[in-house]
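Student: what follows is a predicted structure for the sequence shown.
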Amino acid sequence: MALEASDRLIDIIGVNWRCTCGCISGPTLKLSASLLDIMGKSKEISQDLRKNIVDLHKSGSSLGAISKHLKVPRSSVLTIVCKYKHHGTTQPSYSSGRGRVLSPRDKRTLVRKVQINLRTTAKNLVKMLEETATKVSLSTVKRVLYRHNLKGRSARKKPLLQNPLKKARLRFATAHGDKDHTFWRNVLWSDESKK
């Protein structure tokens, strides 16, 4: 796929930016939207490369020079250097973001409750969780059940045939199976009218 020249351009705006800590500043970069659509998710930078970035910065190299020398995006170099200045480490923070509302144990409990009684509603499950001081939304409960292949369906209006009814129907069929057509024309079924 050929890109037009305007899609390849990275516009440099004359406004100076500052990292959140204020330790490094420079011109703001703005990527065109079409270029951002093409770019894929990048891989995580290795710990050795992070250490090299910090060492080069300590020796006085500029961010741009480090970026060109190690072939790492300038924004990544900036992030790594700022993190090192603030926290003294270059390890990525894996614990960032909100934790899950439901623990694996809570999820197993929800699935077990529904498997025991298929007529249990998601609203009842939310109330059950609120009793254990776990505030959870209805959509979260539905999502957990859906992932365990428990999809919301309307319950049957008519119960399924039980074993005694199956046996009674079989007895009726064997007793009346040899009757001719005229006999059945005179029989009035409970779900019919005479007309």
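Tutor: Right, received. Where do you want to start? Numbering: from 1, shown residues only.

Student: contacts only, for the closest residue to T140 other than its chain neighbours.
Tutor: Spatially, and ignoring its direct neighbours in sequence, T140 is nearest to V101 (6.1 Å; C-beta to C-beta, 6 or more residues apart in numbering). The way it works is simple: take the backbone N, C-alpha and C, and place the C-beta from them, glycine included. For V101, the contact set (C-beta atoms under 8 Å, 6 or more residues apart in numbering) comprises 134-136, 140.

Student: which SSE is V101 in?
Tutor: For V101, there is no host helix or strand (DSSP states H and E).

Student: would you list the phi and psi of it?
Tutor: phi -70, psi -40 (degrees, to the nearest 10).

Student: okay, it: pLDDT?
Tutor: The model reports V101 with a pLDDT of 91.

Student: again, but for C23
Tutor: Per-residue pLDDT puts C23 at 60.

Student: what does V15 give?
Tutor: The per-residue pLDDT reported for V15 equals 45.

Student: gap between the residue nearest the centre of the chain and L49?
Tutor: Centroid-nearest residue in the chain, with C-alpha atoms, centre = their mean: R143, separated by 9.0 Å. R143 sits 38 Å away from L49, going by C-beta to C-beta, to the nearest Å.

Student: need the contacts of V101 in CSV with distance to Q91 and neighbour count, can you?
Tutor: Listed next are the contacts of V101 as CSV, based on distance: C-beta to C-beta, whole Å; neighbours: other C-beta atoms under 10 Å:
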residue, distance to Q91, neighbour count
T134, 32, 13
K135, 32, 9
V136, 32, 16
T140, 31, 17
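
Student: show me where the chain has its strands.
Tutor: Using DSSP state E, the strands of the chain run over 10-18, 25-31.

Student: show me this protein divided up by domain.
Tutor: 5-37+44-87, 104-147 (automatic domain parsing).

Student: if you average pLDDT over each of these, which is lowest?
Tutor: Set side by side, those differ in mean pLDDT, and domain 5-37+44-87 is lowest with a mean of 72.

Student: if I look at R105, how far off is R147?
Tutor: For R105, the distance to R147 (C-beta to C-beta) stands at 16 Å.
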